[in-house]
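A.B. asks: prediction below, plus the sequence it came from.
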Amino acid sequence: MTYNDKQAWKDAEAMGMTIYYIFLLKKGPAWSPDSTPEISTLQEAHMANLTRLAEMGKLVINGPLLDSFATSGEIRGVGALKANSLEEAQELIGTDPMVKVGRLIFELHTWMINKNILP
């Protein structure tokens, strides 16, 4: 079976629901636990990008997973995007500087929820 994003939107609408795109930010191939000036600069750019997406009304919720940080787990953070399609959501999360350099990778999922849960 193949996922059809357009059909998912139709199905959600028919049920009085809507779609958001949930992302998991995970350690990428360039991940390192090191703390360097370059990584600090990259982290600042990462945070600035998240702020930009929020200001655009595209990022509705996000943050790190504290238990994963404490145990050096694979998943570093989670968030939800308000996008018009899976393709747009992929483009939005692909703007993350950490993703661009491979320090993080993302896993993206289509999430159908009640229209009144998130903004």
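C.D. replies: Great, that's in hand. None of the values given here were measured: they were computed from a predicted structure. Numbers count the residues shown, from 1 in each chain.
A.B. asks: which neighbouring elements make contact with the helix of greatest length in the chain?
C.D. replies: For the chain, the helix with the greatest residue count under DSSP state H is helix 37-55. Where contact means 3 or more CB pairs under 8 Å, 6 or more residues apart in numbering; DSSP states H and E, helix 37-55 is packed against strand 59-64, helix 97-100. Every residue, glycine included, has its C-beta placed from N, CA and C.
A.B. asks: can we see that at 10 Å?
C.D. replies: If you count contacts as 3 or more CB pairs under 10 Å, 6 or more residues apart in numbering; DSSP states H and E, helix 37-55 packs onto strand 59-64, strand 75-81, helix 86-93, helix 97-100.
A.B. asks: quick one, which of those is nearest to residue 4?
C.D. replies: Taking CB to CB, helix 86-93 is the member of the helices and strands packed on helix 37-55 nearest to residue 4, at 9.8 Å.
A.B. asks: relative to the whole chain's centre, how far out is that closest one?
C.D. replies: The chain centre lies 9 Å from the centre of helix 86-93; the measure is CA atoms, centre = their mean, to the nearest Å.
A.B. asks: what comes up buried for stretch 7-26?
C.D. replies: Using 16 or more other CB atoms under 10 Å as the test for burial, stretch 7-26 gives 8-9, 12, 17-26.
A.B. asks: for those residues, which one is nearest residue 40?
C.D. replies: For the buried residues of stretch 7-26, the nearest to residue 40 is residue 25 (17.5 Å; CB to CB).
A.B. asks: quick one: contacts for that closest one?
C.D. replies: Residues near residue 25 by CB atoms under 10 Å, 6 or more residues apart in numbering: 46, 62, 64-65, 74-79, 93, 96, 98-99, 103-107.
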